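> Next one to model:
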Amino acid sequence: EALYRQFIEGLCADIIPAKKTKAPKKTNPDLASAVIFGDAHLGMLAHAVETLAEDYDLEKGTADIRAAIDYCVECAPESDEGWFINVGDMMHVDNTSNTTTGGTKQDVSAYHGQILRAAGVLTRYCIDKMLTKFKTVRVVNARGNHDNDSALALNMYLEGVYEKEPRVAVLSNDSKFKIQ
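This is a model prediction of the structure:
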């Protein structure tokens, strides 16, 4: 884990931190709004014949989630607190061997680095969108069976990005079973 942290710290050296933003003027202190999703499997490759609908790849997955977060935030009441909750498996694979954490080979539509980067950009988009409607945003990024280590890396990236944004709290996912 220490090597993973050093790796992430090196990556964060060139990451531009989020700028402090102004909270919405009117929110309801009695409400909390949550956007909850899981099993996005960013980077998965599936063809229409398999899904019985349409092809699925990294671009499709990120576009679907962007559209969903736009809709959810638009429909949500102006709450003091917003929760962005990923219940796990945001990413389809956990390493450059294109396997799950347990070693099961997966079909992918992109390299692992592209998937990690897309997950970071997408999650940042979601959090920033939520900041337009909620006074504060709490981020829960659970580690799944497909992305146990990658989800940890994603959390470290988000911690670095939002380190100086007091309106965002990225809850620790150091433990797979306890979010703090």
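
> So Ser33 is in contact with Pro77, correct?
Yes: counting by Cβ atoms under 8 Å, Pro77 is a contact partner of Ser33 at 6.3 Å. Any C-beta I mention is one placed from the backbone N, CA and C, and that applies to glycine too.

> out of these two, which sits in the more crowded spot?
Neighbour count, other Cβ atoms under 10 Å: between Ser33 and Pro77, Ser33 has more, with 22 against 12.

> Quick check: which helices or strands does the helix or strand hosting Asp149 pack against?
Using DSSP states H and E, Asp149 maps to helix 148-161. Contact here means 3 or more Cβ pairs under 8 Å, 6 or more residues apart in numbering; DSSP states H and E; on that basis helix 148-161 packs against helix 2-12, helix 112-131, strand 136-141, strand 168-170.

> Indicate which one of these is closest to Ile69.
helix 112-131 (4.6 Å; Cβ to Cβ).

> Using PDB, list the CA coordinates for that closest one.
Extracted in PDB, the C-alpha atoms of helix 112-131 (Å, rounded to 0.1, in the frame of the first residue of the first chain):
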ATOM      1  CA  HIS A 112      -6.000   0.200 -17.700                       C
ATOM      2  CA  GLY A 113      -4.400   3.700 -17.600                       C
ATOM      3  CA  GLN A 114      -7.100   5.100 -19.800                       C
ATOM      4  CA  ILE A 115      -9.800   3.500 -17.700                       C
ATOM      5  CA  LEU A 116      -8.300   5.000 -14.500                       C
ATOM      6  CA  ARG A 117      -8.000   8.400 -16.100                       C
ATOM      7  CA  ALA A 118     -11.500   8.300 -17.400                       C
ATOM      8  CA  ALA A 119     -12.800   7.200 -13.900                       C
ATOM      9  CA  GLY A 120     -11.000  10.200 -12.300                       C
ATOM     10  CA  VAL A 121     -12.300  12.700 -14.900                       C
ATOM     11  CA  LEU A 122     -15.800  11.300 -14.700                       C
ATOM     12  CA  THR A 123     -15.900  11.300 -10.900                       C
ATOM     13  CA  ARG A 124     -14.600  14.800 -10.800                       C
ATOM     14  CA  TYR A 125     -17.300  15.900 -13.300                       C
ATOM     15  CA  CYS A 126     -20.000  14.300 -11.000                       C
ATOM     16  CA  ILE A 127     -18.700  16.000  -7.900                       C
ATOM     17  CA  ASP A 128     -18.300  19.400  -9.600                       C
ATOM     18  CA  LYS A 129     -21.900  19.100 -11.000                       C
ATOM     19  CA  MET A 130     -23.200  18.300  -7.500                       C
ATOM     20  CA  LEU A 131     -21.400  21.400  -6.100                       C
END
